[in-house]
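Visitor: please find the sequence and the predicted model below.
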Amino acid sequence: MCGICGAIGFSSKEAGELVVRRMLAAIVHRGPDEEGFLNATPVVAGSRRLSIIDLPGGRQPIWNEAETLAVVYNGEIYNFRELRQELRSHGHSFRTNSDTEVIVHAYEQWGEACPSKLRGMFAFAVIEMPKGRNGQATRVFLARDPLGIKPLYCSNTGSSFLFSSEVRSLLASRHVARELAAQSVSAYLLFGSACEPMTMVEGVFSLPPGHAMMIRVGERVEATEPKFYWDFVSDSKHFPERQNSPNGSISSDRSSCAREVRSLLEDSVRKHLIADVPVGVFLSSGVDSTVLAALAARVQGGIHTFTVAFPDIEFSEAEVARATAARLGTDHRELSLSDAEMVERLDEAIGAFDQPSMDGINSYFVSWAARQAGLKVALSGLGSDELFGGYSSFRATSQVARIQKMARFFPRAMREFGADAMKKSKTYRGSRDAFRKATAAWLDPSALPHAYFFTRTLFTTQTVAALLRGDTTSRSATPWFQWLSQAAREAAKMDAFTQVSWLELRSYMVNTLLRDTDAMSMHHSLEVRVPFLDGPLVEKVLSLPEAIKSDPVRPKRLLIDAMGDLLPKEIATQKKRTFTFPWENWLRGQLGDRVSAGLQDWSPALKSQFDGRFAMSAFKDFQRGRTTWSRPWSLYVLNEWVKRNLGADQPTSTEQARIHSAQVAGTKV
């Protein structure tokens, strides 16, 4: 696991090196063990390494035999041993035992098709130097893993191209203007995070999951459009049973599918445990982490587990986790976190965000607990809810879809009258939040490209449109809306259950959960691995029909059937509990005072988008019990992140342009 960065198009060797040194300094936390550097002007690249596999031999960059290709890389390749054997059969020789070296030989063998050969989480850059190690670089190939577990951000100025594992590293280059991306504000208000492929910084984009791109270097820098190399949806082999049967039935029953899922998950956990350092498991009271801990303990001894506990017993999962750890014989530790301790570490936790998010603080403290236990690697249960139907969105999406369908039969005026009447009658039995989302879909069923997205909104589409004035007309043209629309078109080929799985993976998972997990864990120099997102397992579960995966009485039925013998009855039969902090309580105490004070100090950059009084109104609504804690909290995080990273005291875009022009031309600044 590492952090990588690079600068392409600087004619001066010194200027390019200076830029990359700045970016590397901003990501030391991602790889405190060692630094790697390559200067092949006009391409300069660097890496910060967290040593996990082949501790002495994995230093980057790593070269091919002829030293015409070099790679800098962030992630883990879990099938590197199998690929090593295959590549040796093609005549390649290896100098190290690291998974990194497999990438450079895979590129040499298969070219731009090599990412599809890799099983794991990764973001990498292969630099081509046809004249050898001391010659100039001519092309750079960038790729990111299919599900977006590892991030890769880019900025293309036309005369140069920058890339890095973190947005703030690009800002540290002094060649990216510290300007808020106005188009991303609406996405943040709607979903609590920036949406692929955009970021909160103008001119910085994310290489989307499952995509690769080539940057050619000559008289000028030419970057191709990112290309999708993982085309799961279009490959008919993934849905053979559904295509052959109109009812979506399959010849094998749920039991045989459960056995296959178990086999795939066992294999995934074995591969995710490959490391030359101790590995731990985030352990809560839930099914997912218990399954991982049980499988890991079967594979090898000395597994570490850890849990975050809260003094408020209503929210603490420590007792159940403690019993599970004792049953499995793991080395278990607990981190107790109170309201006061949360406030004490709040500044550091907020400062760990690479991009703002309504989530993420959970990951910060759990990762801190893992590092306190002396671990470099931890397994997380992320991905299970998305694949096996653990979220309420699986049920809510069908309800919203019915509302959308009915709404299209009524004119806007009648829909508004109906919504107002329902609100005044107070006959709706669901939560206020669910009512707001349902009403939003009723009033404007076409505001978002799929019913699912309404279930994930933070603020309603109508609220955001009114707040940002004109957002509705411009929203559909934004890259993030087009990304969601593409995901919705892909989902249309699937059954209702799998549609939600796919949309969870392409939106909330990659935009919030994976991004936050990467930033917060790497802040603590911790590598988090996600066995439920292993490629073969993901593709198998997505290809199964709804009848096998869906059970309205028993959520996550397929996973429990597959792993039931490893689960205590109280865990297998308990009602779904999401691991979360006691925000509701904390925001009514010391933390609430901090949030209130922060919201009253509204960022100048955000003032150009919407008034800070809106944020204070959301906080007061929370205090009165009219809305959820997530609304004021998400606005607080956004405001704090913008003040720290895009504030008025930062270099202006004019200064950025002057520095950039001078350094690309070779003048020191």
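Guide: Perfect, thanks for sending it.
Visitor: can I assume Ala66 sits in a strand?
Guide: No. Using DSSP: H, G, I helix; E, B strand; the rest coil, the assignment for Ala66 is coil, not a strand.
Visitor: return the per-residue confidence for the residue lying closest to Ala187 once chain neighbours are set aside.
Guide: Closest residue in space to Ala187, ignoring its immediate chain neighbours: Cys195 at 4.3 Å, by C-beta to C-beta, 6 or more residues apart in numbering. Placement of C-beta: from N, CA and C, glycine included. Cys195 carries a pLDDT value of 98.
Visitor: output the below-cut-off pLDDT ranges for this protein.
Guide: The chain contains residues with pLDDT under 70 at 1, 54, 235-252, 312-316, 424-430, 470-473, 576-579, 647-669.
Visitor: only the buried residues of the longest helix seen in it, if you could.
Guide: Determined from DSSP state H, the single longest helix within the chain is helix 254-272. By neighbour count with 16 or more other C-beta atoms under 10 Å, helix 254-272 contains the buried residues 254, 257-258, 260-262, 264-272.
Visitor: next one: stretch 47-62
Guide: In stretch 47-62, counting by 16+ other C-beta under 10 Å, buried: 47-54, 58-62.
Visitor: please apply the same query to stretch 381-392.
Guide: Buried residues in stretch 381-392, counting neighbours by 16+ other C-beta under 10 Å, are found at 381-391.
Visitor: the residue nearest to Gly390 when sequence neighbours are not counted - how many residues pack around it?
Guide: Closest residue to Gly390 apart from its sequence neighbours, by C-beta to C-beta, 6+ apart: Lys556 at 5.2 Å. Using other C-beta atoms under 10 Å, Lys556 has 23 other residues around it.
Visitor: for Lys556, what are its contacts?
Guide: Neighbouring residues of Lys556 by C-beta atoms under 8 Å, 6 or more residues apart in numbering: 287, 384-385, 388-390, 576.
Visitor: now, which of those residues lie within helices?
Guide: Short answer: the contacts of Lys556 in helices (DSSP H) are 287, 384-385, 388.
Visitor: of all these, which comes closest to Phe410?
Guide: Among these, Asp385 lies closest to Phe410 (C-beta to C-beta), at 34.5 Å.
Visitor: check contacts around that closest one.
Guide: If you count contacts by C-beta under 8 Å, 6+ apart, Asp385 has them with 288, 391, 504, 556.
Visitor: what's the closest non-adjacent residue to the first one?
Guide: Distance criterion C-beta to C-beta, 6+ apart; nearest residue to Asp288, sequence neighbours excluded, is Gly381 at 3.0 Å.
Visitor: before we move on, what about the third one?
Guide: In space, Glu504 comes closest to Glu386 once its chain neighbours are excluded; the distance is 4.1 Å by C-beta to C-beta, 6+ apart.
Visitor: what of the second one?
Guide: Counting by C-beta to C-beta, 6+ apart, Tyr391 lies nearest to Asp385, which is 5.1 Å off, once chain neighbours are set aside.
Visitor: the one you found and Val287, how far apart?
Guide: Note on Asp385: its distance to Val287, by C-beta to C-beta, to the nearest Å, is 10 Å.
Visitor: test my guess that the residue nearest to Asp288 contacts Ser285.
Guide: No. At 11.7 Å, Gly381 does not count as touching Ser285 under the criterion of C-beta atoms under 8 Å.
Visitor: quick check on Phe614: phi, psi?
Guide: phi -60, psi -40 (degrees, to the nearest 10).
Visitor: I meant Phe80, not that one.
Guide: Phe80 has phi and psi values of phi -70, psi -30 when expressed as degrees, to the nearest 10.
Visitor: cool, and Ala172?
Guide: Here Ala172 shows phi and psi, under degrees, to the nearest 10, equal to phi -70, psi -20.
Visitor: how about Leu379?
Guide: phi -100, psi 140.
Visitor: which of the helices or strands spans the nearest residue to it once chain neighbours are set aside?
Guide: Leaving aside its sequence neighbours, Leu379 sits nearest to Val281 (C-beta to C-beta, 6+ apart; 4.7 Å). Assigned by DSSP states H and E, Val281 belongs to strand 279-282.
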